[in-house]
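Asks: Based on what follows, work out the 3D shape:
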Amino acid sequence: MTDLAAFAREKGVKYFMISYTDLFGGQRAKLVPAQAIEGMVQDGAGFAGFATWLDMTPAHADMLAMPDPDTVIQLPWKPEVAWVAANLVMEGQEVAQAPRNVLRRLVAEAAEQGLRVKTGIEAEFFLLTPEGDAISDAADTAEKPCYDQQAVMRRYDVISEICDYMLDLGWGPYQNDHEDANGQFEMNWDFDDALVTADRHSFFKFMVKSVAENHGLRATFMPKPIEGLTGNGCHAHISVWNADGTSNAFADDSKELGLSDQGRAFLGGIMKHATGMAAITNPTVNSYKRINAPRTVSGATWAPNTVTWTGNNRTHMVRVPGPGRFELRLPDGAANPYLLQAVIIATGLSGLASNADPGPRYDIDMYAEGHKITDAPKLPLNMLDAIRAFDEDGELKTRLGGEFSKAFITLKRREWDSFVSHFSAWERANTLDI
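Replies: Sure, this is the predicted structure:
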């Protein structure tokens with residue numbers, strides 16, 4: 001285990017950010033002087049749970065964030081500060097609804113079965129003006145801007161700075177590009193164990209926003225920040241390995257698409273629970289403006305709306321691009337980094353337990369011919385439908401944990417109630433003179 005006090009002395013760190021992620025994906029932290037870090041490792045940093053998006057009241061006891069020293073990252077853009085992920089504890093017990101704790105428990109459950117779930121994510125984001133009301137590059141106007149080399153070079157300073165930091169951190173970044181929407185970018189780094197990927201995903205969002213701010217811009221992972229443009233996805237590439245990480249349990253060249261029987265069963269669990277898991281992978285009101293969007297300016301949404309799987313075809317919810325892994329294209333940029341990984345493992349373990357059948361493989365263009373498939377479930381139309389589907393999926397709730405599921409549903413229903421009670425400009429424009 002990393003000695004944080006020694007780390008501070010060796011690296012010249014003055015402060016530690018003891019950080020956790022709440023149920024809505026909000027990143028919370030206490031800034032702790034290096035001289036006090038040993039006490040924080042022993043006793044934790046104190047928080048009031050009710051003050052963040054956790055299902056607690058002001059009467060709850062102090063919530064303590066216990067740093068996980070092995071996650072420490074010295075901020076590349078401010079080296080005197082180091083970030084460290086924390087696990088939440090209250091009155092000597094782990095907080096069951098805390099997202100990182102939910103994921104840790106499921107990682108342990110998979111390990112008991114001799115399995116290591118490894119994932120990589122494709123995090124998409126927009127670079128906007130500081131006010132967040134327009135893309136930051138006025139020259140980025142192409143009808144099909146994906147991979148636009150001029151546009152990516154106009155934002156070279158931001159993208160290269162972030163990539164340089166990932167290189168220095170040893171994440172193995174391997175490609176960066178301008179994405180399908182004007183003002184949108186994607187950066188990729190190596191896959192790893194699910195908890196490592198979740199911690200890096202969490203830090204990546206913090207890093208991208210911080211670097212953008214330092215350049216006078218605003219970065220957003222909002223699922224659909226600009227009407228008519230492609231939304232921000234967060235595709236997850238998934239494989240399962242043996243306990244020592246040397247053998248891919250999903251890989252079998254003798255099987256269809258190189259996906260083993262175990263891989264098919266894991267995929268079957270995801271397909272079985274897809275409508276319920278959407279509440280986790282697509283957790284905001286805005287999320288459903290991405291997965292149920294009309295055709296975008298570029299010609300395609302690149303997002304699914306039906307529970308189907310395929311080979312190397314990007315118009316379905318899951319594609320198998322190569323042997324031994326598959327890509328879940330459902331999640332969006334608002335997905336909580338820890339809950340995203342947790343729900344992948346939960347649904348996959350469900351599939352393994354029941355040897356679930358993923359159903360028929362479809363190779364059609366879902367955007368052009370999706371109407372021909374009449375027996376595949378549709379994804380939820382809105383956040384309320386997603387919450388209801390999650391609430392009705394008893395097995396998924398149990399696997400994620402009863403306390404977590406209750407807390408998540410409670411807070412998400414309140415969020416929906418807040419949304420529907422809001423009076424919008426659309427209502428006035430369409431109803432004032434009725």
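
Asks: Give me the neighbour count for residue 234.
Replies: Number of residues near residue 234 (other CB atoms under 10 Å) recorded here: 26. Where you see a C-beta, it was placed from the backbone N, CA and C, and this is true even at glycine.

Asks: three-state assignment of it?
Replies: Look at residue 234: counting by DSSP: H, G, I helix; E, B strand; the rest coil, its state is strand.

Asks: how close does the nearest residue to it once chain neighbours are set aside get to residue 212?
Replies: Closest residue to residue 234 apart from its sequence neighbours, by CB to CB, 6 or more residues apart in numbering: residue 331 at 4.4 Å. Residue 331 sits 22 Å away from residue 212, going by CB to CB, to the nearest Å.

Asks: try residue 49
Replies: Distance from residue 49 to residue 212, by CB to CB: 30 Å.

Asks: With adjacent residues omitted, what lies nearest to residue 365?
Replies: With CB to CB, 6+ apart, the residue lying closest to residue 365 is residue 315, at 5.4 Å.

Asks: so who does that neighbour touch?
Replies: When contacts are counted by CB atoms under 8 Å, 6 or more residues apart in numbering, residue 315 touches 300, 304, 364-367, 370.

Asks: do the same with residue 256
Replies: If you count contacts by CB under 8 Å, 6+ apart, then residue 256 has residue 361 around it.

Asks: go on, residue 292?
Replies: Here residue 292 is in contact with 305, 379, 381-382 (criterion: CB under 8 Å, 6+ apart).

Asks: can you check residue 262 too?
Replies: 240, 249-250, 352.

Asks: re earlier: most surrounded residue in the contacts of residue 315?
Replies: Of these, with other CB under 10 Å as the count, residue 304 tops at 27 neighbours.

Asks: Report the contact partners of that residue.
Replies: Contacts of residue 304 (CB under 8 Å, 6+ apart): 291, 315-317, 329-330, 366, 379.

Asks: Look at residue 161 and report its pLDDT.
Replies: pLDDT recorded at residue 161 is 98.

Asks: Give me the neighbour count for it.
Replies: 16.

Asks: Next SSE downstream of the helix or strand of the chain with the lowest mean pLDDT?
Replies: The helix or strand of the chain with the poorest confidence is helix 366-369; it has a mean of 91 (mean pLDDT, DSSP states H and E). Per DSSP states H and E, the first helix or strand lying C-terminal to helix 366-369 is helix 383-392.

Asks: Which parts of that next one count as buried, going by neighbours?
Replies: For helix 383-392, burial by neighbour count (16 or more other CB atoms under 10 Å) applies to 383-391.

Asks: Tell me where the stretch 101-250 of the chain has helices.
Replies: 149-154, 156-169, 194-214 (DSSP state H, counting those that start in this stretch).

Asks: Include distance to residue 79 when you put the ones you listed into JSON lines, please.
Replies: Shown next, in JSON lines, are the helices of the stretch 101-250 of the chain (distance: least, CB to CB, whole Å):
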{"stretch": "helix 149-154", "distance to residue 79": "27"}
{"stretch": "helix 156-169", "distance to residue 79": "11"}
{"stretch": "helix 194-214", "distance to residue 79": "13"}
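
Asks: So which of those helices is nearest residue 63?
Replies: helix 194-214 (18.1 Å; CB to CB).

Asks: The helix or strand residue 416 falls within: which residues count as buried?
Replies: Assigned by DSSP H and E, residue 416 belongs to helix 402-420. Residues of helix 402-420 classed as buried by neighbour count (16+ other CB under 10 Å): 404-405, 407-409, 411-412, 415-416.

Asks: try stretch 167-176
Replies: Neighbour-count burial for stretch 167-176 [16+ other CB under 10 Å]: 169, 171, 173, 176.

Asks: Please name the residues that touch the last one.
Replies: Read that as residue 176. Taking CB under 8 Å, 6+ apart, one finds 152, 159, 163, 185-188 in contact with residue 176.

Asks: Let me know the closest of those to residue 220.
Replies: residue 185 (11.2 Å).

Asks: Report the beta-bridge partners for the closest one.
Replies: residue 125, residue 178 (DSSP bridges).

Asks: Would you check that residue 312 makes contact with residue 318?
Replies: No. The criterion here is CB atoms under 8 Å, and residue 312 misses it with residue 318 at 11.5 Å.

Asks: In contact with residue 180: list those residues for me.
Replies: Neighbours of residue 180 in contact, by CB under 8 Å, 6+ apart: 144-146, 230, 296, 298, 300, 302.

Asks: the helices in the stretch 251-400 of the chain, which residues?
Replies: 261-272, 274-281, 288-291, 337-354, 366-369, 383-392, 394-400.

Asks: Identify whichever of those helices lies nearest to residue 108.
Replies: So among the helices of the stretch 251-400 of the chain, helix 337-354 is nearest, using CB to CB, at 10.2 Å.

Asks: circling back: to residue 33, which of the helices of the stretch 101-250 of the chain lies closest?
Replies: Per CB to CB, nearest to residue 33 of those: helix 194-214, 20.2 Å.

Asks: tell me the angle the closest one makes with helix 337-354.
Replies: Per axes from the mean of the first three to the mean of the last three CA atoms, to 10 degrees, the angle that helix 194-214 makes with helix 337-354 is 160 degrees.

Asks: For helix 194-214, buried residues please.
Replies: Neighbour count says helix 194-214 has 194-209, 211-212 buried, by 16+ other CB under 10 Å.

Asks: hang on, the earlier thing: of the contacts of residue 262, which pair is most distant in space?
Replies: Taking CB to CB, no two of the contacts of residue 262 sit farther apart than 250 and 352, at 11.2 Å.

Asks: any common contacting residues for those two?
Replies: Joint contacts of residue 250 and residue 352 (CB under 8 Å, 6+ apart) are 262, 266.
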